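Engineer: 3D model of this:
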Amino acid sequence: MHTIIFDFDGTIADTMSVVIRIANRFADHYGYKKIPLSDLPKLREKKPSAVLRHLGISIFKLPIVARKIRFEMNKEIINLKTAVDLKDTLVHLKENGCVLGILTTNSRENVVEFLKKNDLELFDFVYSGRAVFGKSRLLKKMMKEKTIPHEDPIYVGDEIRDVEAAKKAGIRVIGVAWGYNTKNALLKFHPDHVIEEPEELKAIILN
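Structural biologist: Predicted coordinates for the structure are as follows:
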């Protein structure tokens, strides 16, 4: 039996366009650069710290800006669509005895509502928490609290920081190329695998 923990933003839910729209709305107020769509390919190659530098968001301003964007985003989560069609893959994994979970910094209630609206009520747990000191601490905390049924989970995420967090937490990680970072950007940080289609998860996990 495998436990597979999915990141939410960008991996399951298509949040990128909403985040950009919200960030651009507050750019003038907080004094950072707006993100034109033409910049996206370049930004998807970068780590979050490099994106913040590019936009001119200082480390001091970041908590306020991040909190504001997260607050606004939580209002919109339940109306979002999925990043890719994961349903068949999730059903197949469950039928083969996998335990499926989500790790998120979003509100648990909103994520549950999103899953309901998108006909994805296939997850055994949704673990929500704040990642002030990085996602690796959140992953470790979740494992310590015995949220997951065994010691060898696999984490699935779309960002460089997901790969780094899983490695710090000492768990295997699969990067997905349809989210915030590109396949090329993810490969530089050596995840166990990088996939471009959800179906590839079946072959990797069940073999």
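
Engineer: Now do the helices in this protein.
Structural biologist: 16-30, 40-43, 48-55, 62-76, 87-95, 108-117, 135-144, 160-169, 183-187, 199-206 (DSSP state H).

Engineer: Does anything pack onto the second one? Which helices or strands?
Structural biologist: Okay, so that is helix 40-43. Applying 3 or more CB pairs under 8 Å, 6 or more residues apart in numbering; DSSP states H and E, we find helix 40-43 packed against no helix or strand. Placement of C-beta: from N, CA and C, glycine included.

Engineer: now do the last one
Structural biologist: Counting contacts by 3+ CB pairs under 8 Å, 6+ apart, the secondary-structure elements packed against helix 199-206 are helix 87-95, strand 193-195.

Engineer: Throw those into JSON lines and include mean neighbour count, thanks.
Structural biologist: Written out in JSON lines, the entries for the helices and strands packed on helix 199-206 read as follows (neighbours: other CB atoms under 10 Å):
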{"stretch": "helix 87-95", "mean neighbour count": "15"}
{"stretch": "strand 193-195", "mean neighbour count": "19"}
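
Engineer: Which one of the ones you listed lies nearest to Asp39?
Structural biologist: strand 193-195 (23.0 Å; CB to CB).

Engineer: Flag every buried residue along the least confident helix or strand in the chain by mean pLDDT.
Structural biologist: Of all helical and strand segments in the chain, the minimum by mean pLDDT, DSSP states H and E falls on helix 135-144, at a mean of 87. The neighbour-count criterion (16 or more other CB atoms under 10 Å) identifies 135-139, 142-143 as the buried residues of helix 135-144.

Engineer: Would you mind finding the most buried of the helices of the chain?
Structural biologist: Between those, the one whose residues have the most neighbours on average, counting mean count of other CB atoms under 10 Å, is helix 160-169 (a mean of 22).

Engineer: can you list the domains in this structure?
Structural biologist: If the domains of the chain are taken from automatic domain parsing, they occupy 3-14+81-206, 16-79, with pieces of a single domain joined by a plus sign.

Engineer: Straight-line length of the first one, end to end?
Structural biologist: This stretch, domain 3-14+81-206, spans 11 Å end to end (CA to CA, to the nearest Å).

Engineer: mind checking the end-to-end distance for stretch 183-201?
Structural biologist: Stretch 183-201: ends 15 Å apart by CA to CA.
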